[in-house]
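Engineer: Predicted coordinates and the sequence they were generated for:
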Amino acid sequence: MKHSAPELRKIDDEIFPYEKDTEAQLSFLLRYATLAPSHYNIQPWRFQIEDGGLNLYLDASRIAKIVDPDSREVTISCGAAITMLEVASRHFGFNSEVSYPDELREGFVARFQLTQKTEPTSLDNLLFNAIKRRQTNRRWFDNSPVPQKIVQRCLNHTRELNAEVVFIDDRDMRTRFATLIEIAVKLQFSQPWYRQELSTWLRPSYRVGTDGMPSFGLFSNRKVTPLAGTLLKYFYSGKQIAQLNKQKIIEGSPTLCILSTKEEHFTSWLDTGRALSAVLLNISIAGLSASYMNQAIQMPTLRRQVADIFATARYPQLVLRVGYANSVTWTPRREVQDCLV
């Protein structure tokens, strides 16, 4: 049965199964894990409740192979789901433990287990309440900077992960990055196979689905484009979209958040995803929105230049636009039972 995106966020938090076994509790927590952000809203996770814990798998059938040939971005998405589990667990009074395998086998990326009971802090509860409010927002943001208190909270939350988080509001850096994005978008959209793949993950606003993303903000910052998928598939629109993105970064993105790592390894990608969710939840508490600008990172020939512009760790993994804007339509989600092994 398909539900609307808002309905899937109406989780009755009051019925957490405290009196039932660990498997029932983990099953309940998965309702929050499936609200994690993911590349193209692909939702590439699969879960298996086994031996009192939760195994997280990468679903190989849900990979955009043209833009993500190494499964880097979908692995980051799996890491994002882990943080949602951790935050929800603390809210309901449990600490948790996360472990990674030594190497990837059959898509297995992480093991999640509940440990001793704990008393949630006020911040734990704020982060938990932000899970259902968080959304990707491709609107232009106003020129208000991200409060330093929120920046520091994000840095504190991600300190123990092997991922560097940097917030940038320097206009010159943003302008240089915007020029790089313009180049990347033109190159990507010049490739028919890239446009074909992207179009398969666009969803019209009138159709209820379980994955994919709306086209709003792709061609215009104000208007919905009903035939976006068709336009992408059959017509070159890279120049228009590249210019829109460039302007959006310079004029509509007061702050950029860059997540990077010192190493290029699946565990680094998982840590990036965990840091990503921590950042997104913390900024959501403050009423801030975020969206992605990863086109230059997706192109090996330009990725190194992203690190040079922002003086970050060697491997930039994600770039977020962060700011204040009106909310947008919720993206669809698969139900928990559809994500189980």
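Structural biologist: That came through fine.

Engineer: Find the residue closest to the residue most central in space within the chain in space, skipping its chain neighbours.
Structural biologist: Of all residues in the chain, the one closest to the mean position by Cα atoms, centre = their mean is P37, 3.4 Å from it. Distance criterion Cβ to Cβ, 6 or more residues apart in numbering; nearest residue to P37, sequence neighbours excluded, is A80 at 5.3 Å. All C-beta spots, glycine's among them, are computed from the backbone N, C-alpha and C.

Engineer: any chance you could read off phi and psi for the one you found?
Structural biologist: Main-chain dihedrals, A80, degrees, to the nearest 10: phi -60, psi -40.

Engineer: residues near it, how many?
Structural biologist: Each residue near A80 was counted by other Cβ atoms under 10 Å, and the total is 25.

Engineer: was I right about it contacting R274?
Structural biologist: Yes. The criterion here is Cβ atoms under 8 Å, and A80 meets it with R274 at 7.0 Å.

Engineer: got the buried residues for the helix or strand containing A178?
Structural biologist: Assessed by DSSP states H and E, A178 sits inside helix 171-189. Neighbour-count burial for helix 171-189, counted by 16 or more other Cβ atoms under 10 Å, picks out 174, 176-189.

Engineer: One more: stretch 313-332?
Structural biologist: For stretch 313-332, by 16+ other Cβ under 10 Å, it's 313, 315-325, 328, 330-332.

Engineer: measure that stretch end to end?
Structural biologist: End-to-end distance for stretch 313-332: 34 Å, by Cα to Cα, to the nearest Å.

Engineer: Please spell out the segments of this protein that come in under the pLDDT threshold.
Structural biologist: Within the chain, the ranges that satisfy pLDDT under 70 run 1-8, 205-208, 217, 219-231, 233-236.

Engineer: Let me see the ranges of the helices in it.
Structural biologist: Here the chain has its helices, by DSSP state H, at 5-8, 22-33, 72-91, 122-131, 148-158, 171-189, 192-200, 228-234, 238-251, 266-285, 300-310.

Engineer: Contacts only, for K239.
Structural biologist: K186 (Cβ atoms under 8 Å, 6 or more residues apart in numbering).

Engineer: Next, work out how far apart it and S190 are.
Structural biologist: To S190, K239 is 10 Å away according to Cβ to Cβ, to the nearest Å.

Engineer: Over to P120?
Structural biologist: 50 Å.

Engineer: ok, the two, which is more surrounded?
Structural biologist: Each of P120 and S190 has its neighbours counted (other Cβ under 10 Å); P120 has more, 17 against 12.

Engineer: Quick check: phi and psi on that one?
Structural biologist: phi -70, psi 140.

Engineer: unless I'm mixing things up, it is touching S89, no?
Structural biologist: No. Contact criterion Cβ under 8 Å: P120 and S89 do not qualify, at 9.4 Å.

Engineer: which residue sits closest to D338, ignoring its sequence neighbours?
Structural biologist: T210 (7.1 Å).

Engineer: what about that neighbour, how many neighbours?
Structural biologist: Residues near T210, counting by other Cβ under 10 Å, number 16.

Engineer: Please name the residues that touch it.
Structural biologist: So T210 contacts K2, P332, R333, R334, E335, D338 (Cβ under 8 Å, 6+ apart).

Engineer: among those residues, which ones are buried?
Structural biologist: P332, R333, R334.

Engineer: what's the first one sitting at in phi/psi?
Structural biologist: Think P332. phi -70, psi 170.

Engineer: how much space between it and Y32?
Structural biologist: Counting by Cβ to Cβ, the gap from P332 to Y32 is 16 Å.
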